[in-house]
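Asker: predicted model follows, preceded by the sequence.
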Amino acid sequence: MNLFKLRGIIILFILCISCISEQKTIELKEYPRHVDDISFDYLIDNKNFELCNGENNIMQYFNNGKGLEYEGEKISIIREFKKYYNSENVVKESGLLRIRFVVNCKGEADRYRFLSMDLNYNEKKFDKSIIDQILTITKKLKGWKPKVYAGKKIDYYQYLIFKLNNGEIVKILP
Amino acid sequence: MNKIVFILMCFFLKIHAQPNCKAFLHEGDSLKYRACKLVEKLTGSYYQFSKEYQKGMDEALLICPYFAYAYREKSSAYVKSGDFLNWKKLIDLAVKYEPLDYLSVRASLRYKFFSDYKGAILDIEKLDDMVSYDIGETSNGTYHLNVVKALCYKEIGQKQKAIKILEKQIENESYIGVYDYLHLGVLYLETEMYDNAIIAFEKQEKLNDLAENHYYLALVFKKLGLSKKYIQQLVIAEKFYLDRKKMHDSYNQLIDQIYLEEIKSERSIANNK
């Protein structure tokens, strides 16, 4: 076998390996009805929390084009966290922490779920001292407005993302 | 104003336009063509968040694992639900295969949805290094990417740098973004360049008059000790706000966006002076 043929085989081999690894970047998997749907968990969720329009009709907070809707606007949420979140008593961690939940057509909220990362998009679990405070304060927020879409009050998913720097909340999104 | 909105709409449509499948066939890429044809059927038929849409995109990617457009389409639902982990994995793949098309998208979304200012600056600068033409606008067409870069520098505390980028961009822009002068005015206000701030807010008023414009102008007059003008501008700001002439985005709070409570609080300070 001459050198050119050998080189060709090696290149072909590398390409095949590359193709196989690319194929693995995507695979057919099962999805819920919608990306990030939150189903009821009897261990952690409020059994008395009711959806008005059923599991298959929960929409997203931006679907009516009005974004986050809260009594006194987002600044009221920021104020609650400024008032009640104590960064002195927490582990000094940094990253993003998302809490996502369902708001029903009456403006009641439940099914809180966390997702978190460090500042480089690596999954990270924040310390309980941070998570517990954020969950407690979020659960106390009572100003969620019932959203209206096409003339009807809807149930919807809302999230809050907390940007943390050494345990301190430096930004609340969206 | 209508002209600007029209231009922005054109950019929006252009950026979000589906790829031309036939072009892939002409390029001799039958895999990308087949994946593209599959995606064509999904878009417009299913909601981005839906199981059908996500599975369909997966099928397209099984046909052509380097079809960047499908990764970007899959990622949209994740960024909108605030899932930074899955979004980043998917948009990184789109950028890997088509950096010229998707660096701008990743930059636009990481700063807007996740306050990742340093990451957005890196993406914009990388794109700028790669091309000789204008780097263009954000994925929703609101800003030129250089304006985003300026806003990101501001958010990480480099306000002078932000001013220089924004001034240069406005000077060279073929069109001015709907909030460009407002952001520049706020930067001048924050760096105590009050005369420049007034000029910028006046330009914003002519281009796209907003509650924010009058609120920040009021703060300039407050700093200059011009009480009457300070109060007048706050009154206009409140009226504009209640008339919904204000900054708005369906997903996020925008940089320099204000709330009614802030205007009222400032009015109460003004009244007690």
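Answerer: Here it is on my side, so go on. Residues are numbered from 1 along each chain as shown, chains lettered A, B, ... in the order given.
Asker: need the residues of chain A near chain B, please.
Answerer: Taking CB under 8 Å from any CB of the partner chain as the contact definition, chain A meets chain B at A:19, A:22-23, A:25-29, A:31-36, A:60, A:62, A:65-68, A:72-76, A:96, A:98, A:100, A:115, A:117, A:121, A:123, A:157, A:159, A:161, A:163, A:171, A:173-174. Where C-beta positions appear, they are placed from N, C-alpha and C, glycine not excepted.
Asker: quick one, grab the pLDDT at A:L12.
Answerer: Here the pLDDT value assigned to A:L12 is 52.
Asker: over to A:N63?
Answerer: Model confidence at A:N63, expressed as pLDDT, equals 96.
Asker: got the contact list for it?
Answerer: For A:N63, the set of contacting residues under the criterion of CB atoms under 8 Å, 6 or more residues apart in numbering or on different chains consists of A:K147, A:Y149, A:I154, A:Y156.
Asker: isn't the last one up against A:G67?
Answerer: No - with contact defined as CB atoms under 8 Å, A:Y156 and A:G67 do not form a contacting pair (11.4 Å).
Asker: out of these two, which sits in the busier spot?
Answerer: Taking A:Y156 and A:G67 together and counting by other CB atoms under 10 Å in any protein chain shown, A:Y156 has the greater number of neighbours (24 against 17).
Asker: could you check how far the more buried one is from B:L151?
Answerer: 29 Å (CB to CB, to the nearest Å).
Asker: now do B:I258
Answerer: Taking CB to CB as the measure, B:I258 and B:L151 are separated by 16 Å.
Asker: just the buried ones from the residues of chain A next to chain B, in ChimeraX syntax?
Answerer: Below is the selection syntax for ChimeraX that covers the buried ones among the residues of chain A next to chain B, with 16 or more other CB atoms under 10 Å in any protein chain shown defining burial:
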select /A:22,26,31,34,35,36,60,62,67,68,73,74,75,96,98,100,115,117,121,157,159,161,163,173,174
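Asker: return the subset of the residues of chain A next to chain B lying in strands.
Answerer: With strands defined by DSSP state E, the entries of the residues of chain A next to chain B inside them are A:Q60, A:L96, A:R98, A:R100, A:L115, A:M117, A:Y157, A:Y159, A:I161, A:K163, A:K171, A:L173.
Asker: list the contacts of the residue lying closest to the last one once chain neighbours are set aside.
Answerer: Which is A:L173. Beyond its immediate neighbours in the sequence, the residue positioned closest to A:L173 (CB to CB, 6 or more residues apart in numbering or on different chains) is A:I161, lying 4.1 Å away. Contact criterion CB under 8 Å, 6+ apart gives A:L96, A:L97, A:R98, A:I172, A:L173, A:P174, B:G82, B:F84, B:F114 as the residues in contact with A:I161.
Asker: wait, B:Y47 sits on A:H34?
Answerer: Yes - taking CB under 8 Å as the definition, B:Y47 is a contact partner of A:H34 at 7.5 Å.
Asker: please pick the buried ones from the contacts of A:N63.
Answerer: Buried residues within the contacts of A:N63, defined by neighbour count using 16+ other CB under 10 Å: A:K147, A:I154, A:Y156.
Asker: thinking again about what came up before, as a markdown table, the ones in strands among the residues of chain A next to chain B with distance to B:Y251 would be great.
Answerer: Listed next are those as a markdown table, based on distance: CB to CB, whole Å:
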| residue | distance to B:Y251 |
| --- | --- |
| A:Q60 | 10 |
| A:L96 | 16 |
| A:R98 | 14 |
| A:R100 | 14 |
| A:L115 | 17 |
| A:M117 | 19 |
| A:Y157 | 13 |
| A:Y159 | 11 |
| A:I161 | 12 |
| A:K163 | 16 |
| A:K171 | 15 |
| A:L173 | 9 |
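Asker: contacts for the helix or strand hosting B:E212, please.
Answerer: For B:E212, the enclosing helix or strand under DSSP states H and E is helix B:211-223. Taking CB under 8 Å, 6+ apart as the criterion, the residues outside helix B:211-223 that touch it are B:182, B:185-186, B:189, B:192, B:194, B:197-198, B:201, B:204-205, B:227, B:229-234, B:236-238, B:240-241, B:245-247, B:256-258, B:262-263, B:266, B:270.
Asker: are any of the residues you listed buried, and which?
Answerer: Among these, the ones that count as buried by 16+ other CB under 10 Å are B:182, B:185-186, B:189, B:197-198, B:201, B:204-205, B:229-234, B:236-238, B:240-241, B:245-247, B:256-258, B:262-263, B:266, B:270.
Asker: what residues does the stretch 151-273 of chain B have near chain A?
Answerer: Within the stretch 151-273 of chain B, the residues that sit near chain A (CB under 8 Å from any CB) are B:H248, B:D249, B:S250, B:Y251, B:N252, B:Q253, B:Y259, B:L260, B:E261, B:E262.
Asker: just the buried residues of stretch B:212-231, please?
Answerer: B:212-222, B:229-231.
Asker: A:F62 and B:L93, how far apart?
Answerer: 25 Å.
Asker: just B:R244 next, same as before
Answerer: To B:L93, B:R244 is 39 Å away according to CB to CB.
Asker: out of these two, which sits in the more crowded spot?
Answerer: For B:R244 versus B:L93, neighbours defined as other CB under 10 Å are more numerous around B:L93 (24 against 8).
Asker: give me the common contacts of A:Y156 and A:G67.
Answerer: Each of A:Y61 lies in contact with both A:Y156 and A:G67 under the rule CB under 8 Å, 6+ apart.
Asker: run a quick neighbour tally on B:M130.
Answerer: Number of residues near B:M130 (other CB under 10 Å) recorded here: 11.
Asker: what stretches of chain A score poorly on pLDDT?
Answerer: A:1-27 (pLDDT under 70).
Asker: can you give me the helices in it?
Answerer: Assigned helices in chain A, in chain order: A:3-23, A:74-84, A:128-140 (criterion: DSSP state H).
Asker: so where's the stretch 101-250 of chain B uncertain?
Answerer: In the stretch 101-250 of chain B there are no weaker segments when pLDDT under 70 is taken as the threshold.
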